[in-house]
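Trainee: here's a sequence, model it:
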Amino acid sequence: MTRDVRMHNPTHRYNTTGESGPTDTPSVQWSYELDTAVQKIAVWDGQVYVTRGDGSISVLDTDGNPQWRFQTDRTDRSVESSPAVVDGRVYIGSPDNHIYALEAASGTERWSFQTDGPVNSPPAVVNETVYVGSRNIIADGNDHIYALDADSGTERWSTQANGGIHSSAAVIYGTVYIGASDGTDHNNNLVSALEAATGTERWSFQTDGRVELSPVVVDGTVYIGDSDGNVYALESASGTKRWSFQTTGIMMSPAVVDGVVYVGGSFSSGIHALDATFGSKNWSFQVDGEVESSPTVADGTVYVGSHELFGDAHIYAINTTDGTEQWHFETDGQVTSPVVKDGRVYVAGGDTVYALGE
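Mentor: The predicted structure follows:
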C-alpha cells in the first residue's frame, strides 16, 4: 500500500484519499476578500485556515463566515508557514521568531516557543511531537531544527541546521526528513535524515541548488524538488540517489500518488507527471505562468495553480491519466496550493479565498 508521509499531518493533504473535487467547470460557491495577500490555506474539520501577509492567521468556516483571527508580533511580515491542525489545535510558525499552538475552536493561545529566527517552515506534528525549523538570516549558524512537546511546547531536542529551514519535515518510522539551504547555489544545500528521538543525523545528500521545499516519503523513497531544477528520488535508508529529473527551477513540493510524481516548474515549464520508480516522464501540461503551488491529487484529477508574474493566475484541473485539461478558473492573483474537501476545491488567489464546486 502506498504510504504518503504527508498524511501524518492532516493539513498537508497532497494525496486526498477518499476525496473528490469538481471535474467540470466549477462555480464559485463563495469567496471572501481580505485586506492583505493570502499566503497559505488549510482546511480541516469544517474550518478554513488562512495565513496572511500582515503576520496573522484568520479562520473561516466552510460557508465563508469569519470565525477568529490571531495576530503575531510582526505586522510587517507574512506568515509563510502552513498551519498544521491536529487534535483540536493549530500549530503555526511565525516571522516573529515563535511557534504557536492555538485552540482550533477559538484561536486562544495554548503555548508559544521562541526560536533563534523566523519560522517559515510548516510544522509537522507526529507522535505528539512538533517538528519545525527556523531560519536566522542575520546570524550565520543559528538555524535550527526543533522537536517540541505538542501539548506543552517544551523542547525535546534541537539541532543546528546546515542552513535556513523553509522545508516542512516528513516524519516516518522514527526518521525526520528535511531540507536546508544556506541561501546560495553552493555548499550546505542538503536533504537530511535525522533520528526522530534525538535529532542525530543519519545521512545527508548534497544538491546543486537551494533545498527549500518539503520532502515526500513513499515506499522507502524520499522525493524532493530543488531550485537547481531537479526532482530527486533518494533511498530513505541511506540517501543514495535513485534518479533525478531535470526541469526548470522547482518552486513547490511534489505530490506522489499511485506511483506517479506530480511536480511543477518555473518559467512556463508547466506541470510534469513522472514515473515514481524510474523518473521517466508520463506527460506534461503547459501553463502560461510559473507553477508555485504544490499539486493536489484527488480521484483522478490533479489540481494546481499558476503565478501571474509571467502569465496567468489560474487554478487548473488536469486528468491524471493523460494530462488533458478538465477546466481552469481565473483568480485575482498568485494561487496558493489548492485543498480538496467534500466535493469542493478551496484555493486563494491574491487576497481572496475561493470555494469552488459544481
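Trainee: which residues touch Asn350?
Mentor: If you look again at residue 350, you'll see it is Gly, not Asn. By C-beta atoms under 8 Å, 6 or more residues apart in numbering, the contact set of Gly350 is 37-38, 313, 331-334. Every C-beta, even on glycine, is put in place using the N, C-alpha and C of the backbone.
Trainee: would you list the residues you listed in JSON lines and tack on pLDDT?
Mentor: Shown next, in JSON lines, are the contacts of Gly350 (pLDDT from 0 to 100):
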{"residue": "Ala37", "pLDDT": "89"}
{"residue": "Val38", "pLDDT": "91"}
{"residue": "Ala313", "pLDDT": "85"}
{"residue": "Thr331", "pLDDT": "89"}
{"residue": "Asp332", "pLDDT": "81"}
{"residue": "Gly333", "pLDDT": "82"}
{"residue": "Gln334", "pLDDT": "81"}
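Trainee: nearest to Trp243 among these?
Mentor: Closest approach between the contacts of Gly350 and Trp243, by C-beta to C-beta: Gln334, at 30.8 Å.
Trainee: what bridges to the closest residue to the closest one other than its chain neighbours?
Mentor: Spatial nearest neighbour of Gln334, excluding adjacent residues (C-beta to C-beta, 6 or more residues apart in numbering): His307 at 5.2 Å. Applying DSSP bridges to His307 gives these bridge partners: Glu290.
Trainee: circling back to that earlier point, from the contacts of Gly350, which land in helices?
Mentor: Residues of the contacts of Gly350 located in helices (DSSP state H): none.
Trainee: residues in contact with Ala147?
Mentor: Contact analysis of Ala147 by C-beta under 8 Å, 6+ apart lists 129-131, 155-158, 176, 196, 199.
Trainee: strands of the stretch 51-200 of the chain, start to end?
Mentor: 56-61, 66-71, 84-86, 89-94, 98-103, 109-114, 124-126, 129-133, 144-149, 155-160, 170-172, 175-180, 190-195 (DSSP state E, counting those that start in this stretch).
Trainee: which stretches of the protein aren't confidently modelled?
Mentor: 1-17, 137-142, 182-188, 249, 251, 266-269, 308-312 (pLDDT under 70).
Trainee: mind listing the helices for it?
Mentor: So, for the chain - with DSSP H - there are no helices.
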